[in-house]
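K.L.:
Here is my input; please provide its structure:
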Amino acid sequence: MGRDGFESALKELKKEVVKMFEGVEELIDKSVESLINKDVNLAREVIKLDDRIDQYMFEIEEKTIELIALQQPMAKDLRVIFSIAKIITDLERVGDFCVNISKETIKIGNEEHIKPLIDIPKMRDIVKDMLVNTKRSFMDEDSQLARRVGEDDELIDNLYHDIYTEILMMIHEDSRYINQGTKFLFVGRYIERMADHITNICEKIIYMVDGKKVEIN
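P.N.:
Numbers count the residues shown, from 1 in each chain. Take a look at the predicted model:
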């Protein structure tokens, strides 16, 4: 494979990563939507759709190996390839957390929610914005945008703290809230972990573009 062919293959690889980003965006939306609306069928759809994310990861991994095997990449190219390999691992983990949320939704079923869901949708919106902007930073190789996105992780941490405090107070006041309250705590924690993995992706993008290993926050 000549240099032009290698660059074309690398460009196609990046397009596959963008598709994986978009698939995970869909899972984030649908998983939290299923919880808000107590939509068990939608939750089950999320669990099935996650198989597609796993398949994306497998196919991209195979293509990264092929790229390395077919031609000795330059240093910058290697940074991109190795960064992509780590980025898709973090994306796959975000998808797994969407599945976890959907499983909690199925457990709750049609039960009346013990409280209005306010902070969890807010967390979802912030995490989705983080992912969309991370995708943009990847496509544009914009390390400054990646750094700004990673700094939004603190917003998620603060919202999760609010949820944690509120739910614990509710459980303390009425033990009947323990079962569902614990599930909401799990959901908040899953979204908080999504933000952590998106921040990891931002760090990989900075390394991919600038060759600098950084730790955001």
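K.L.:
other SSEs contacting the helix or strand containing residue 6?
P.N.:
If you go by DSSP states H and E, residue 6 is part of helix 3-36. Secondary-structure packing of helix 3-36 (3 or more C-beta pairs under 8 Å, 6 or more residues apart in numbering; DSSP states H and E): helix 40-70, helix 75-108, helix 119-140, helix 178-210. The C-beta positions use only the backbone N, C-alpha and C, and glycine is treated the same way.
K.L.:
List the buried residues for that helix?
P.N.:
6, 9-10, 13-14, 16-17, 20-21, 23-28, 30-35 (16 or more other C-beta atoms under 10 Å).
K.L.:
mind checking how far that helix is from the chain centre?
P.N.:
Offset of helix 3-36 from its chain centre (C-alpha atoms, centre = their mean, to the nearest Å): 11 Å.
K.L.:
what number of residues lie near residue 211?
P.N.:
11 (other C-beta atoms under 10 Å).
K.L.:
Run the angle between the helix holding residue 6 and helix 75-108 for me.
P.N.:
For helix 3-36 against helix 75-108, the angle by axes from the mean of the first three to the mean of the last three C-alpha atoms, to 10 degrees is 20 degrees.
K.L.:
Please identify the deepest-packed of the helices and strands packed on helix 3-36.
P.N.:
helix 178-210 (a mean of 22; mean count of other C-beta atoms under 10 Å).
K.L.:
Mind pulling up the pLDDT for the residue nearest the centre of the chain?
P.N.:
Centroid-nearest residue in the chain: residue 94, 3.4 Å away (criterion: C-alpha atoms, centre = their mean). Listed pLDDT for residue 94 reads 98.
K.L.:
contacting residues for it?
P.N.:
24, 27-28, 131, 194, 197-198 (C-beta atoms under 8 Å, 6 or more residues apart in numbering).
K.L.:
repeat that with 7 Å
P.N.:
24, 194, 197-198 (C-beta atoms under 7 Å, 6 or more residues apart in numbering).
K.L.:
and what of residue 122?
P.N.:
Residue 122 neighbours (C-beta under 7 Å, 6+ apart): residue 159.
K.L.:
Next, find the distance separating it from residue 33.
P.N.:
14 Å (C-beta to C-beta, to the nearest Å).
K.L.:
Same check on residue 105?
P.N.:
Taking C-beta to C-beta, one finds residue 105 at 9 Å from residue 33.
K.L.:
for residue 187, same thing?
P.N.:
Taking C-beta to C-beta, one finds residue 187 at 13 Å from residue 33.
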